[in-house]
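Asker: What follows is a predicted protein model with its sequence.
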Amino acid sequence: MSIRQLHSGADAISVSNLRVSYNEVTALDHVSMHVKAQTICGLIGVNGSGKSTLFKSLMGLVQPTAGTVRIFGAEPKDARRLNAVSYVPQSEDVDWTFPVSVRDVVMMGRYGRLGRSRRPRAADRDAVAEALARVGLTELQHRQIGELSGGQRKRAFVARGIAQDAVLLLLDEPFAGVDKASEAALTALFKELRDEGKTILVSTHDLAGIPQLCDEAILLHQRVLAHGRPEAVLTNENLALAFGTALAGAPEGHDGHL
Amino acid sequence: MMDISNWLLEPLQYGFLTRALLVTVAAAAVSAALSCWLILMGWSLMGDAVSHAVLPGVALAYIVGVPFSLGAFIFGAGAVALIGAVRSTTKLKGDTAIGVVFTALFAFGLAIISKTPSQTDLQHILFGNVLGVSTPELLQVLILGAVTLAVLLYKRRDLTLLAFDRIHAHAIGLSTRWLSALLLGLLALTVVVGLQAVGIILIVAMLITPGATAFLLTRNFDRMLLISVTLTVAAAIAGIYASYYLDVATGASVVLAQSVVFLAVYLAAPRTGVLWQWRQRRNARSTSAQQHQQIPA
């Protein structure tokens, strides 16, 4: 339902001249970026480069000081109401002791489509079962969310986005604390979702994995330093701009992680 | 058998004790339910704040002659608004804003009480006066309690989502601001319901201990809700009986009963209990010691 009500011809993400300031600190300045639908776009930058603020702007969680943000041509608040956007949080932002099961978490993806008391109907239970099967967590669905491994936890939250049927998935550091096998599984899953029509914006520190995962990459440091195909973006010069000369000057050290 | 039923029925011959029992059970059920969300939100201090901040509202309501619950609710909600205002207009941390506001309001309430002629009535607000509850007051508590519990249960999925993942709640178009306000409003109502049972000073125990106890016993929210309400109502009834037979202050007795349940769970709960973990470690040690011995030198 969501994509048809949104402007399907528009870019999935369209940000123009965005500036976001907190008190005196400017987190984002003159950010313009356009991401086409059905793309996996990597978002690269150091801590404090404004990645989280950009995610928050796309969800309408922070008000821009200047500029505009559009999701499939709609304002963030309208996109939210249409269940167009799903967010997979960073691990450290989740309370893993919280008494909810994996299935409960995935069901939360359906809440925007349910009535006021959020009582699930058969169609919602089916959507949740299907999402769990997609990410291979059917067997573990009754576990408490914290009883999963790092990679499984990520898959649970991606399943929530699938159950939500969001057209834009925002993933904040999905590979942090995830082993290589799970990372490969997640990468394959993201590509499948893209091929089905989803657009995925993924922030990551894992530079080595980007060419494998992403169709395009954005290098962010308060502003957009580079945006294009991963090979064109991940040059030493660009990385020096984004990460400082000390790091980029070093030869491809410690398997590309920063 | 006869002895036990006599023992149980004897206090109920007195109308005031039956009313006390009903008020306490209602307060226990509502606060135990709310408690589950409160501790998951990390709002224990907020519970402390709202319960203390209603004091001037109750005192003024007595003086003006309106239902005390009205005054309590106005000041409870007012305290929340003030805390929010201090927080958003300064760079002070949340707990600091809470501390500044509720102590000011509590002191204001004490000042009003000290200037009011009929001091004895108002002292009851501080420590509860469950044995002196009149029938209209009982009805008020039962109605407010039922409304609060009904709203909590109706919105339970949204409130759980709010506590678990505020950003997702926002991302799917829910108003996290409205949901937070709803939970705070329900907190103020719960304080009003519990006021007469245990008093302002101890009601915070009813807002924190039940959820904390249930959290140690389960990893499923619906079960946590059920355990919290069941154990708290049972402990409240035990507390009333203990108060009658041991001649102890009722509010204190009810809260102590909750604390005893918490202590038992803290020590003996499967998986999370301290004794259980200690035994696990000891068993693991002795097993590994045996394995060591089996290895030939």
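Answerer: That came through fine.

Asker: going forward, measure contacts and count neighbours with C-alpha atoms only.
Answerer: OK.

Asker: I'd like to know how far B:Ser281 sits from B:Thr218.
Answerer: Rather than Ser, residue B:281 is Arg. Distance check for B:Arg281 against B:Thr218: by Cα to Cα, to the nearest Å, it reads 21 Å.

Asker: cool, and A:Ser117?
Answerer: When A:Ser117 is compared with B:Thr218 (using Cα to Cα), they lie 24 Å apart.

Asker: The two: who's more crowded?
Answerer: Between A:Ser117 and B:Thr218, counted using other Cα atoms under 10 Å in any protein chain shown, B:Thr218 has the larger neighbour count: 19 against 14.

Asker: Tell me who's in contact with the residue nearest to the more buried one when sequence neighbours are not counted.
Answerer: Taking Cα to Cα, 6 or more residues apart in numbering or on different chains as the measure, B:Thr218 lies nearest to B:Met224, with 6.0 Å between them; neighbours along the chain are not counted. By Cα atoms under 8 Å, 6 or more residues apart in numbering or on different chains, B:Met224 lies in contact with A:99, B:36, B:211, B:214-215, B:217-218.

Asker: Show me which of the residues you listed is closest to A:Gly177.
Answerer: If you rank the contacts of B:Met224 by distance to A:Gly177 using Cα to Cα, A:Pro99 comes first, at 21.8 Å.

Asker: so the closest one makes contact with B:Arg223?
Answerer: No - with the criterion set as Cα atoms under 8 Å, A:Pro99 and B:Arg223 do not qualify as a contacting pair; they are 9.2 Å apart.

Asker: Which one's more surrounded, the two?
Answerer: More crowded of A:Pro99 and B:Arg223, by other Cα under 10 Å: A:Pro99, with 22 against 15.

Asker: Neighbouring strands - and their directions - for whichever helix or strand A:Ser16 is part of?
Answerer: Taking DSSP states H and E as the definition, one finds A:Ser16 inside strand A:13-22. Under the criterion DSSP bridges, strand A:13-22 sits next to strand A:25-35 (antiparallel), strand A:66-71 (antiparallel) in its sheet.

Asker: Could you check the following helix or strand past the shortest one and say which residues are buried?
Answerer: Stepping forward along the backbone from strand A:66-71, the first helix or strand reached (DSSP H and E) is helix A:76-81. Residues of helix A:76-81 classed as buried under the neighbour-count rule (16 or more other Cα atoms under 10 Å in any protein chain shown) are A:76-81.

Asker: Stretch A:49-69 now?
Answerer: Within stretch A:49-69, the residues that qualify as buried are A:49-51, A:53-61, A:63-64, A:67-69, counting by 16+ other Cα under 10 Å.

Asker: Filter those residues down to just the ones in helices.
Answerer: Within those, residues falling in helices by DSSP state H are A:51, A:53-58.

Asker: which among those residues gets closest to B:Ser228?
Answerer: Nearest to B:Ser228 out of those is A:Lys56 (Cα to Cα; 35.8 Å).

Asker: can you pull the contacts of the closest one?
Answerer: Contacts for A:Lys56 were tallied using Cα under 8 Å, 6+ apart; they are A:Val62.

Asker: ditto for the one 3 residues further on
Answerer: By Cα under 8 Å, 6+ apart, A:Met59 lies in contact with A:76-77, A:80, A:85, B:170-171.

Asker: mind listing what the residue of the stretch 51-200 of chain B found nearest chain A touches?
Answerer: Using Cα to the nearest Cα, B:Gly173 is the residue of the stretch 51-200 of chain B that sits closest to chain A, at 4.7 Å. Residues counted as contacts of B:Gly173 (Cα under 8 Å, 6+ apart) are A:77, A:80-83, A:112.

Asker: Let me see the mean pLDDT of the helix or strand encompassing B:Ala235.
Answerer: Using DSSP H and E, B:Ala235 maps to helix B:221-246. Helix B:221-246 shows a mean pLDDT of 95 in the predicted model.
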